[in-house]
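Peer 1: Attaching a predicted model along with its sequence, questions to come.
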Amino acid sequence: MSNSIKLAILGLGTVGTGVINLINDNLNELKRRSGRDIIITEVGTRRQRDDIDTNIMQNSDLMAIAASDNVDIVIEVIGGTTLAKDVIMQAIKNGKHVVTANKALLAEHGNEIFAFAEENNVHVAYEAAVAGGIPIIKVMREALAANKIDWLAGIINGTGNFIMTEMRDKGRPFADVLSEAQELGYAEADPTFDVEGIDAAHKLALLASIAFGIPLQFDKVYCEGITGITLQDVNYAEELGYRIKHLGFAVRRDSENDSDAGVELRVHPTLIPQDALLANVNGVKNAVLVNSHPLGQTLYCGDGAGAGATASAVMADVMDLVRVLGSKDRDDQSNTGHHVPHLAFIPDQLSDTPILRADQMVTGYYLRVHAYDSPGVLADITRILSDAGINIDAILQKPAHKVGQVPVIILTLPVIESQMNLAIEKIEKLETITDKVVRIRLDELA
């Protein structure tokens, strides 16, 4: 192999262009760190670009680029789960290492892609797929390799965090803030993946596999968005000493009863204490809180999106692969000889730990109950909760907002979701209850 490493960048949107700019800006630093010249030989683009160096071949045939002899590492930043998958599999088949920022593709097809890469002695790196410029993948795969991870919780979608921050700080309704997020480019024209939690669920599936050594199981992630969060709930939470954040949780639950043991994978709005580490991560920032043994809690925070942050993560992966290629040149070992396993654990050591159903999850709850202002209402509600084995932590009765109707706010201690489901069903059947019970999960992050 020559002293140069040849890159192909597939997709010249925000991230692809950011990678080109980063390489041009930091070319000398990259060479000093790697001992190699890192050059872009080909780019995949649907139309010819006048702003691309004439020494770089432009080609709309992505499959041809993935098979090209003039490429060592393929960087996939086109997105989607169809063409992107075909291109990555083609690159792997032709012995190319791959760097991708495509969390949806890996969450849904990563088991197949990683297995194919192992068969072909190449690597698929994906730091940019989760939390942008925060090196959370490297931290969990390498820096925490000696730790047992008990749980992690993360703000892993900047759009949702921006919306919740603006609602709390400026008293703005959800629809108003979402419209601004779209104008600022934080949210897509169709914001469904962001506001319904799907984007966060893709990322959580990846983080959970690395944390616990389990196969990717995106289809088993419980997913709830923020479209139902109102200013009323945001304000009540603040009054009670909590903030509402849209979080992803991966939690290992050990139990003497095998039927209760497993892993919780859930994305949903959550009340957390105002002094919690994640409570003060605002705007479009991302953050992941990891609780491990023996290290304890560690927080990783930074920009989760944008050209610079994502390009930084992409190029961190490229640099790792350059070093792998360099070590292969020196000692003629296989490409996997200096490689951290894709999901942090040796492939044949991945466990079949079950993913718990939604009704098996254990959390505290915030309940907002609307009732007629009449004697005995509160007693009926608390009796139902007590009969269901649910312990109340706090109760707040607010002034009537409609004639003769009052909102009652209840915080509970952690309980199995199935018990809460039954209790809410009984509460809603009371003749004094005027509307559906609003529930938001609560976690002390301790």
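Peer 2: Okay, I see it. Numbers count the residues shown, from 1 in each chain.
Peer 1: ok, so what distance separates the residue sitting furthest away from the middle of the chain from Thr432?
Peer 2: Residue farthest from the centre of the chain, counting by Cα atoms, centre = their mean, is Pro375 at 46.1 Å. From Pro375 over to Thr432 the distance is 10 Å, taken as Cβ to Cβ, to the nearest Å. No exception for glycine: its C-beta is placed from N, CA and C like everyone else's.
Peer 1: now swap in Glu166 and tell me
Peer 2: Using Cβ to Cβ, Glu166 is found at 36 Å from Thr432.
Peer 1: and what of His342?
Peer 2: 55 Å.
Peer 1: which residue ranges form the helices in the stretch 251-400 of the chain?
Peer 2: 307-331, 377-387 (DSSP state H, counting those that start in this stretch).
Peer 1: what's the closest of those helices to Phe116?
Peer 2: The closest of these to Phe116 is helix 307-331. By Cβ to Cβ, the value is 16.8 Å.
Peer 1: mean confidence for that closest one?
Peer 2: The average pLDDT within helix 307-331 is 85.
Peer 1: what's the spacing between that helix and its chain's center?
Peer 2: 23 Å (Cα atoms, centre = their mean, to the nearest Å).
Peer 1: Could you give me the buried positions within it?
Peer 2: 307-322, 324-326, 328 (16 or more other Cβ atoms under 10 Å).
Peer 1: Same question for stretch 432-446.
Peer 2: 432-433, 437-443, 445.
Peer 1: swap in stretch 170-187?
Peer 2: Within stretch 170-187, the residues that qualify as buried by neighbour count (16+ other Cβ under 10 Å) are 172, 174, 177-178, 181, 186-187.
Peer 1: just checking, which of these belong to helices?
Peer 2: 174, 177-178, 181 (DSSP state H).
Peer 1: Pick out whichever of those sits closest to Lys398.
Peer 2: Ranked by distance to Lys398 (Cβ to Cβ), those are led by Phe174 at 20.4 Å.
Peer 1: Now do the closest one against Thr165, distance only.
Peer 2: 12 Å.
Peer 1: so where's the stretch 101-250 of the chain shaky on pLDDT?
Peer 2: For the stretch 101-250 of the chain, no stretch is flagged by pLDDT under 70.
Peer 1: what ranges do the helices span in it?
Peer 2: Ranges of helices within the stretch 101-250 of the chain are 103-119, 136-138, 158-170, 174-183, 192-195, 198-212, 231-239, based on DSSP H, counting those that start in this stretch.
Peer 1: Would you mind telling me which of those is nearest Val281?
Peer 2: Closest approach to Val281 among these is made by helix 158-170 (7.0 Å; Cβ to Cβ).
Peer 1: Buried residues in the closest one, which are they?
Peer 2: Buried, per 16+ other Cβ under 10 Å, within helix 158-170: 158-168.
Peer 1: Kindly report the same for stretch 387-407.
Peer 2: So stretch 387-407, judged by 16+ other Cβ under 10 Å, has buried residues 388, 390, 406-407.
Peer 1: Now do Val438 against His97, distance only.
Peer 2: Distance from Val438 to His97, by Cβ to Cβ: 49 Å.
Peer 1: and the end-to-end length of stretch 65-84?
Peer 2: End-to-end distance for stretch 65-84: 13 Å, by Cα to Cα, to the nearest Å.
Peer 1: avg pLDDT for that stretch?
Peer 2: The average pLDDT within stretch 65-84 is 96.
Peer 1: can you map out the strands along the stretch 1-150 of the chain?
Peer 2: Secondary structure of the stretch 1-150 of the chain (DSSP state E, counting those that start in this stretch): strands at 4-10, 37-44, 57-59, 73-76, 97-100, 124-125, 148-155.
Peer 1: For these, give me JSON lines that also has distance to Lys285 and mean neighbour count.
Peer 2: As requested, the strands of the stretch 1-150 of the chain are arranged in JSON lines below (distance: least, Cβ to Cβ, whole Å; neighbours: other Cβ atoms under 10 Å):
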{"stretch": "strand 4-10", "distance to Lys285": "27", "mean neighbour count": "23"}
{"stretch": "strand 37-44", "distance to Lys285": "30", "mean neighbour count": "20"}
{"stretch": "strand 57-59", "distance to Lys285": "35", "mean neighbour count": "17"}
{"stretch": "strand 73-76", "distance to Lys285": "25", "mean neighbour count": "28"}
{"stretch": "strand 97-100", "distance to Lys285": "23", "mean neighbour count": "27"}
{"stretch": "strand 124-125", "distance to Lys285": "24", "mean neighbour count": "25"}
{"stretch": "strand 148-155", "distance to Lys285": "7", "mean neighbour count": "23"}
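Peer 1: can you pull the pLDDT of the nearest residue to Tyr372 once chain neighbours are set aside?
Peer 2: Excluding its sequence neighbours, the residue lying closest to Tyr372 (Cβ to Cβ, 6 or more residues apart in numbering) is Thr432, at 4.8 Å. pLDDT, Thr432: 94.
Peer 1: And the one 4 residues further on, by the same measure?
Peer 2: We have a pLDDT of 96 for Lys436.
Peer 1: Does it touch Glu428 like I think?
Peer 2: Yes. At 6.4 Å, Lys436 counts as touching Glu428 under the criterion of Cβ atoms under 8 Å.
Peer 1: Show me what the closest residue to Asn147 other than its chain neighbours bridges to in the sheet.
Peer 2: Ranked by Cβ to Cβ, 6+ apart and with sequence neighbours excluded, the top spatial neighbour of Asn147 is Ser292, at 3.8 Å. Per DSSP bridges, the residues bridged to Ser292 are Ile149, Gly296.
Peer 1: what's Ser292 in contact with, if anything?
Peer 2: 144, 147-150, 298 (Cβ atoms under 8 Å, 6 or more residues apart in numbering).
Peer 1: Could you measure from the residue nearest to the spatial centre of the chain over to Val15?
Peer 2: Compute the mean C-alpha point of the chain, and by Cα atoms, centre = their mean the closest residue is Lys203, 3.1 Å away. Applying Cβ to Cβ, the value for Lys203 to Val15 is 16 Å.
Peer 1: Check Gln217 too.
Peer 2: Applying Cβ to Cβ to Gln217 and Val15 gives a distance of 26 Å.
Peer 1: which of those two has more neighbours?
Peer 2: Set Gln217 next to Val15 and count neighbours by other Cβ atoms under 10 Å: Val15 wins out with 25 against 16.
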